[in-house]
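Participant: Sequence and predicted model, in that order:
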Amino acid sequence: MKRMRLLALACVLALAIAGVFGLTACRDDAEYTLYAPDGAPALAVAGIAGGFAHGETTVKTSIVQSDKIQQFAADADLAIVPSNLAANLFNKGADIKVIATVTHGNLYFIGGSGAADITSASDLVGKVVYSIGQGSVPALMFERLLADSGIACDIGSDAAVATPQAGKVTLCYAADGAAAIRAVKSKESADYYGIVGEPAVSIAAVKNGLGDKGSLQTLCGGGYSQAVLIAKASIAEDSELIAALLSALQTNAQTIVTDEGASAAYTAIKSNYEATSLAASINGAIARRCNVSVTPIADASGYDEYLSTLVRVHSIKPAAIGGSIPSKDSGFYYGVN
């Protein structure tokens with residue numbers, strides 16, 4: 001009995017020393033799930049569609065409908081979520097870390113054959129725009145663009161009866177890219193546009209006779225943090241696992257944008273993800289328009305990009321990020337002190 005007490009005391013002391021010196025204790029076998037919404041974020045995890053292993057730890061991936069990701073994110077081991085949702089969850093008490101930006105803006109304007117190209121926000125005055133992403137980065141970046149351009153916007157119009165209004169933009173929200181595409185196609189008018197993410201633009205929109213009319217990223221002055229990887233704080237403590245996962249995601253991002261044919265990564269998506277709408281015919285040209293690349297928050301550029309996005313979203317709708325921008329020393333930003 002005395003020996004057992006001594007062993008227990010030794011274990012306690014070992015754990016205490018590890019804590020003092022910042023050492024990470026060995027973990028038991030663990031299996032985590034990384035959730036990602038359908039669309040470009042699914043491409044971001046294409047390279048680990050069959051699972052990812054680091055030592056005795058495995059990470060499996062699961063693709064969910066875009067409008068369902070919020071239901072999984074709060075309790076997920078790891079997840080790819082809209083940038084504003086990550087801050088919102090943290091501000092509401094979720095013990096999470098934001099690890100990296102994985103998509104940097106993949107939104108484009110679509111329109112019928114008679115619709116003009118959009119080269120500035122003023123080109124949309126007097127038009128109806130159906131946008132995805134109500135209350136999240138896609139719609140809020142567009143609203144910020146209109147505000148910065150001094151353009152009046154009738155927000156939240158009834159999509160079924162929306163009509164162009166002189167001197168302003170009429171903005172309607174669609175449940176997803178497919179709904180936005182259907183709305184634009186049904187009007188058969190040059191006065192109706194959609195804001196849809198890739199790869200839906202190059203696949204679904206084109207199949208429906210609609211064309212790419214311009215890039216929201218170009219109008220906003222460049223890319224921004226659209227979707228980020230988050231992890232439970234307890235999982236993020238395993239710095240070796242996080243580093244290995246980021247490396248795998250970076251390798252995937254480089255692969256999908258350079259492959260000009262239907263790659264093994266896309267084949268893996270179709271064979272492993274039942275919920276995805278992605279076509280196996282996606283190629284490097286489409287992937288490049290998805291702006292999938294991994295920028296760790298620990299990098300100065302990664303932190304600055306993410307912070308800039310939060311600032312722009314907060315200026316339009318503070319509630320979208322939970323009311324305030326997490327401070328640099330809040331513990332939210334992985335690897336940032």
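Facilitator: That came in fine, so what should we check first? Predicted model, so just to flag it, every value in this text is computed and none were measured. Residues are numbered from 1 along each chain as shown.

Participant: where do the strands sit along this protein?
Facilitator: Secondary structure of the chain, counting by DSSP state E: strands at 30-37, 52-54, 57-64, 78-82, 96-103, 107-111, 128-131, 152-155, 168-173, 192-197, 211-215, 227-232, 292-296.

Participant: contacts for the last one?
Facilitator: Among residues not part of strand 292-296, those counted as contacts by CB atoms under 8 Å, 6 or more residues apart in numbering are 40, 43-44, 99-104, 106, 229, 246, 249-250, 253, 256-257, 301-302, 305, 334-335. The way it works is simple: take the backbone N, C-alpha and C, and place the C-beta from them, glycine included.

Participant: Starting from that strand, tell me which strands it pairs with and how they run.
Facilitator: Each strand that strand 292-296 pairs with, and the sense of that pairing, follows from DSSP bridges: strand 96-103 (antiparallel).

Participant: Please enumerate residues in contact with the partner strand?
Facilitator: Surrounding strand 96-103, the residues in contact under the criterion CB under 8 Å, 6+ apart are 40-41, 44, 80, 83, 86-87, 89-90, 225-233, 236, 242, 246, 249, 253, 290-297, 302, 305-306, 331-334.

Participant: how distant is that strand from the center of its chain?
Facilitator: The chain centroid and the centroid of strand 96-103 are separated by 9 Å under CA atoms, centre = their mean, to the nearest Å.

Participant: Likewise for stretch 163-179?
Facilitator: The answer for stretch 163-179 is 22 Å, by CA atoms, centre = their mean.

Participant: And the buried ones among the contacts of strand 96-103, selectable in PyMOL?
Facilitator: To isolate the buried ones among those in PyMOL, judged by 16 or more other CB atoms under 10 Å, type:
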select buried, resi 40+41+44+80+83+86+87+89+90+225+226+227+228+229+230+231+232+236+242+246+249+253+290+291+292+293+294+295+296+297+302+305+306+331+332+333+334
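
Participant: circling back to that earlier point, now distance to Val161 and mean pLDDT too, for the strands of the chain, in CSV please.
Facilitator: Shown next, in CSV, are those (distance: least, CB to CB, whole Å; pLDDT from 0 to 100):
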stretch, distance to Val161, mean pLDDT
strand 30-37, 30, 94
strand 52-54, 48, 93
strand 57-64, 32, 92
strand 78-82, 29, 96
strand 96-103, 33, 97
strand 107-111, 20, 96
strand 128-131, 10, 95
strand 152-155, 12, 91
strand 168-173, 10, 94
strand 192-197, 13, 94
strand 211-215, 23, 95
strand 227-232, 32, 97
strand 292-296, 37, 95
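
Participant: Can I get the ones you listed in CSV including distance to Gly221?
Facilitator: Converted to CSV, the strands of the chain look like this (distance: least, CB to CB, whole Å):
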stretch, distance to Gly221
strand 30-37, 25
strand 52-54, 35
strand 57-64, 31
strand 78-82, 20
strand 96-103, 17
strand 107-111, 14
strand 128-131, 19
strand 152-155, 19
strand 168-173, 19
strand 192-197, 17
strand 211-215, 11
strand 227-232, 19
strand 292-296, 17
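
Participant: and of these, who's closest to Ala320?
Facilitator: The closest approach between Ala320 and any of those, judged by CB to CB, belongs to strand 78-82 at 9.0 Å.

Participant: Each with direction, which strands does the closest one pair with?
Facilitator: Taking DSSP bridges, the sheet neighbours of strand 78-82 turn out to be strand 30-37 (parallel), strand 227-232 (antiparallel).

Participant: In a markdown table: those, plus distance to Gly114.
Facilitator: Formatted as a markdown table, these follow (distance: least, CB to CB, whole Å):
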| stretch | distance to Gly114 |
| --- | --- |
| strand 30-37 | 33 |
| strand 227-232 | 33 |
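
Participant: Which among the ones you listed is found nearest to Ala183?
Facilitator: Comparing those against Ala183 with CB to CB, the closest turns out to be strand 30-37 (20.7 Å).

Participant: List the buried residues in that closest one.
Facilitator: Applying a neighbour-count criterion of 16+ other CB under 10 Å, the buried positions in strand 30-37 are Tyr32, Leu34, Tyr35, Ala36, Pro37.

Participant: For Asn291, which non-adjacent residue is closest in space?
Facilitator: Taking CB to CB, 6 or more residues apart in numbering as the measure, Asn291 lies nearest to His104, with 4.3 Å between them; neighbours along the chain are not counted.

Participant: ok, the one you found - contacts?
Facilitator: If you count contacts by CB under 8 Å, 6+ apart, His104 has them with Gln217, Gly223, Tyr224, Ser225, Gln226, Asn291, Ser293, Thr295, Glu305.

Participant: can you name the two of those that are farthest apart?
Facilitator: In terms of CB to CB, the contacts of His104 reach their longest pairwise distance at Gln217 and Thr295, which sit 14.8 Å apart.

Participant: all helices of the stretch 1-150 of the chain, in order?
Facilitator: Along the stretch 1-150 of the chain, the stretches classed as helices by DSSP state H, counting those that start in this stretch are 2-20, 40-44, 69-73, 83-91, 137-148.
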